[in-house]
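[1] Below are the sequence and a predicted model for it; my questions follow.
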Amino acid sequence: MLQVVRQRLSFQLVIISCAAISIMLLMCGIPRYAPPYGTMVRPVYPPRLPGAINVLPVSRPPVAGIPPLRPIIPPVVRPVVPPSVTPAEKQHTTVYIGKIAPTVENEFMLSLLK
């Protein structure tokens, strides 16, 4: 009887330990069984031969349904031309706001405004 209890206990320990190991592997991101399908692999294109410097590479043939890419043309940078004539300084205009007292003489105001 004791022998049967030991076998049953050891069998239960094996099942529990297998379940614990499976959970730990699953938590680590390792699948327990291999997936029924293979991993998707992209087709490998042979690398192009390096071309000469400043030579445009040979374009691929057009594919139906996909619009062709326009070539990248760098913007034209125009040089900055300094102005040949320096602009003349404008005269400052002073604006007086308010009422001028009637006691101020007219000639004095004209001399200030000139």
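    Sure, I can see it. Residues are numbered from 1 along each chain as shown.

[2] Where does pLDDT dip in this structure?
    Low-confidence regions of the chain, defined by pLDDT under 70, span residues 1-9, 25-26, 29-40, 42, 48-60, 62, 85-87.

[3] can you map out the strands along this structure?
    Applying DSSP state E to the chain gives no strands.

[4] burial count for Ser22?
    Ser22: 13 surrounding residues under other C-beta atoms under 10 Å. From N, CA and C alone the C-beta is placed, and that goes for glycine too.

[5] ignore the last one, Arg78
    Arg78 has 6 nearby residues by other C-beta under 10 Å.

[6] Now for it: which residues touch it?
    With C-beta atoms under 8 Å, 6 or more residues apart in numbering as the criterion, no residue contacts Arg78.

[7] quick one, helices of the chain?
    Ranges of helices within the chain are 2-27, 106-113, based on DSSP state H.

[8] and these as JSON lines, adding distance to Lys90?
    Listed next are those as JSON lines, based on distance: least, C-beta to C-beta, whole Å:
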{"stretch": "helix 2-27", "distance to Lys90": "79"}
{"stretch": "helix 106-113", "distance to Lys90": "18"}
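
[9] do you know which of the ones you listed lies nearest Val81?
    Val81 lies closest to helix 106-113 among the helices of the chain, at 40.9 Å (C-beta to C-beta).

[10] what helices or strands is the closest one leaning on?
    Applying 3 or more C-beta pairs under 8 Å, 6 or more residues apart in numbering; DSSP states H and E, we find helix 106-113 packed against no helix or strand.

[11] How about residues contacting that helix?
    For helix 106-113, the surrounding residues in contact (C-beta under 8 Å, 6+ apart) are Ile100.

[12] how about it as PDB, C-alpha atoms only?
    Output of helix 106-113 as PDB, limited to C-alpha atoms (Å, rounded to 0.1, in the frame of the first residue of the first chain):
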ATOM      1  CA  ASN A 106       3.000 130.800 -32.700                       C
ATOM      2  CA  GLU A 107       6.600 131.500 -33.700                       C
ATOM      3  CA  PHE A 108       7.900 129.300 -30.900                       C
ATOM      4  CA  MET A 109       5.800 126.400 -32.100                       C
ATOM      5  CA  LEU A 110       6.900 126.900 -35.700                       C
ATOM      6  CA  SER A 111      10.600 126.900 -34.600                       C
ATOM      7  CA  LEU A 112      10.000 123.500 -32.800                       C
ATOM      8  CA  LEU A 113       8.300 122.000 -35.700                       C
END
